[in-house]
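Enquirer: Here is my input; please provide its structure:
(one chain, ligands or ions: 1)
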Amino acid sequence: MKVLITGVAGFIGSHLADRFIEEGFYVIGLDNFLTGSPDNIAHLFGNKNFRFIHYNVVNFIYIADDVDIVLHFACPASPVDYIKYPIQTMKVNSLGTLNTLGLAKVKKARYVFASTSEVYGDPQIHPQKEDYWGNVNPIGIRSVYDEAKRFSESMTMAYHREHDIDTRILRIFNTYGERMRLNDGRVIPNFVYQALKGEDITVYGDGNQTRSFCYISDLVEGIFRASVMEGLDGEVINLGNPEEIKILDLAKKIVDKTGSKANIKFCEKPEDDPVRRCPDISKAKELLNWEPKISLDKGLENTIHYFKQKIF
Ligand code: UDP
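Expert: Here you go, the predicted structure:
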């Protein structure tokens, strides 16, 4: 069985490539290294079950091989990154989605789309279930990501309905772990880096906003199941950890776990930063028989260990 993963050099894409190879799949990985890094897949070069193509999927994709599953995971995912690359972010989730869906169509492959909890915007329903339509500012700075992902979801469903492609949309909530960039800009890499360096911990706003953090191995398990299981055609599934925490409490936890003397500094809250976010994962539990196993404490310890090795 062959899978094609776009964004293979990214945080999630590279872990997915590892998992599919471990399970006996052949992986064709594409990346243009906009935010991904060759370091994340260096260990796969030379593996007979891995082929890398340096490519920007906003351009037409030609692949000679048969492909059984196309996983479209290419996209800047940190707010810092997608605000820095607004047009590339929109292109990869429009032209890139179109091209990867077109590829799935000609290869008669299954299609798995990496969507996001950001499709719910600043949610007014809590926790967020798949049938919630969201509350997104269509012209705000985050819209380049949110609206592009929503467009991709719509296009994925259009291909499912019109061409009968076996599609699965996965709405991925905040995820963390090894292979996130030190300067990724997302909250866990920022706080861990700052704590380890003894720099001020930058809490945006009053820190009362919440997020729910899923450790990478749990997420990969959920994505793998959602990709290989039969009978999930056209499904939309939340994947995330429902353990919700205030950002200020997360900062304190990371200071505590690193034994850091860093101070907490309150900074301006970014525009349209969602106030609360927590997945309802009852659908994933039922359809995939999946739920996260790694606690935030354990996952943070692993992540801190990884960051220490990178920094010192
Ligand atoms: N955040 C923070 N300090 C930072 C980075 C992020 O307080 O240095 C906050 C941010 O305002 C948001 C939450 O942490 O409320 C999660 O931010 P992140 O960028 O990780 O992802 P998001 O969930 O907003 O997409």
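Enquirer: Which stretches in the stretch 1-150 of the chain count as strands?
Expert: Secondary structure of the stretch 1-150 of the chain (DSSP state E, counting those that start in this stretch): strands at 2-6, 26-31, 50-54, 69-72, 110-116.
Enquirer: Just name the most buried of those.
Expert: Comparing the strands of the stretch 1-150 of the chain by mean neighbour count (mean count of other Cβ atoms under 10 Å), strand 69-72 ranks first with a mean of 27. In this view, the C-beta of every residue, glycine as well, is placed from N, C-alpha and C.
Enquirer: Tell me which strands that one pairs with, and in which orientation.
Expert: Sheet pairing for strand 69-72, assigned by DSSP bridges, gives strand 2-6 (parallel), strand 110-116 (parallel).
Enquirer: right, and those - which one's nearest the ligand?
Expert: Ranking the strands paired with strand 69-72 by proximity to the ligand (Cβ to the nearest ligand atom) places strand 110-116 first, at 8.1 Å.
Enquirer: wait, does that closest one contact the ligand?
Expert: No: Strand 110-116 does not reach the ligand (Cβ under 6 Å from any ligand atom); its nearest approach is 8.1 Å.
Enquirer: can I get the strands of the stretch 1-150 of the chain in JSON lines with mean pLDDT and distance to Thr175?
Expert: What follows is the strands of the stretch 1-150 of the chain, written out as JSON lines (pLDDT from 0 to 100; distance: least, Cβ to Cβ, whole Å):
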{"stretch": "strand 2-6", "mean pLDDT": "99", "distance to Thr175": "16"}
{"stretch": "strand 26-31", "mean pLDDT": "98", "distance to Thr175": "18"}
{"stretch": "strand 50-54", "mean pLDDT": "98", "distance to Thr175": "22"}
{"stretch": "strand 69-72", "mean pLDDT": "99", "distance to Thr175": "15"}
{"stretch": "strand 110-116", "mean pLDDT": "99", "distance to Thr175": "10"}
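Enquirer: thinking again about what came up before, columns distance to Lys261 on top of the strands paired with strand 69-72, output as JSON lines?
Expert: Output for the strands paired with strand 69-72, formatted as JSON lines (distance: least, Cβ to Cβ, whole Å):
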{"stretch": "strand 2-6", "distance to Lys261": "41"}
{"stretch": "strand 110-116", "distance to Lys261": "35"}
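Enquirer: check contacts around whatever residue of the stretch 201-312 of the chain ends up closest to the ligand.
Expert: Nearest to the ligand, among the residues of the stretch 201-312 of the chain, is Tyr204, at 3.5 Å (Cβ to the nearest ligand atom). Shown in contact with Tyr204 (Cβ atoms under 8 Å, 6 or more residues apart in numbering): Ile247, Phe266, Cys267, Glu268, Lys269, Pro270, Asp273.
Enquirer: now for the strands paired with strand 69-72, which one comes closest to Pro127?
Expert: Across the strands paired with strand 69-72, Pro127 has its closest neighbour in strand 110-116 (15.4 Å, Cβ to Cβ).
Enquirer: What parts of the stretch 201-312 of the chain come near the ligand?
Expert: Thr202, Val203, Tyr204, Gln209, Arg211, Ile247, Lys269, Pro270, Asp273.
Enquirer: Kindly give a single PyMOL line that selects the buried subset of these.
Expert: Selection of buried members from these for PyMOL, criterion 16 or more other Cβ atoms under 10 Å:
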select buried, resi 203+209+211+247
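Enquirer: Take the residues of the stretch 201-312 of the chain next to the ligand and keep only those in helices.
Expert: Secondary structure assignment (DSSP state H) places Ile247 from these within helices.
Enquirer: And the residues of the stretch 201-312 of the chain next to the ligand, which two are furthest apart?
Expert: Across those (Cβ to Cβ), the longest gap, 15.1 Å, separates Thr202 and Arg211.
Enquirer: Tabulate the strands of the stretch 1-150 of the chain (CSV), appending distance to Tyr306.
Expert: Shown next, in CSV, are these (distance: least, Cβ to Cβ, whole Å):
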stretch, distance to Tyr306
strand 2-6, 22
strand 26-31, 21
strand 50-54, 22
strand 69-72, 24
strand 110-116, 22
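Enquirer: List the residues that contact Lys246.
Expert: Going by Cβ under 8 Å, 6+ apart, Lys246 touches Gly207, Asn208, Gln209, Thr210.
Enquirer: you'd agree the first one is in a helix?
Expert: No: Gly207: not assigned to a helix; according to DSSP: H, G, I helix; E, B strand; the rest coil it is coil.
Enquirer: Need the phi and psi values for it.
Expert: In terms of degrees, to the nearest 10, the main-chain angles of Gly207 are phi 80, psi 10.
Enquirer: ok, and the closest non-adjacent residue to it?
Expert: Leu248 (2.8 Å; Cβ to Cβ, 6 or more residues apart in numbering).
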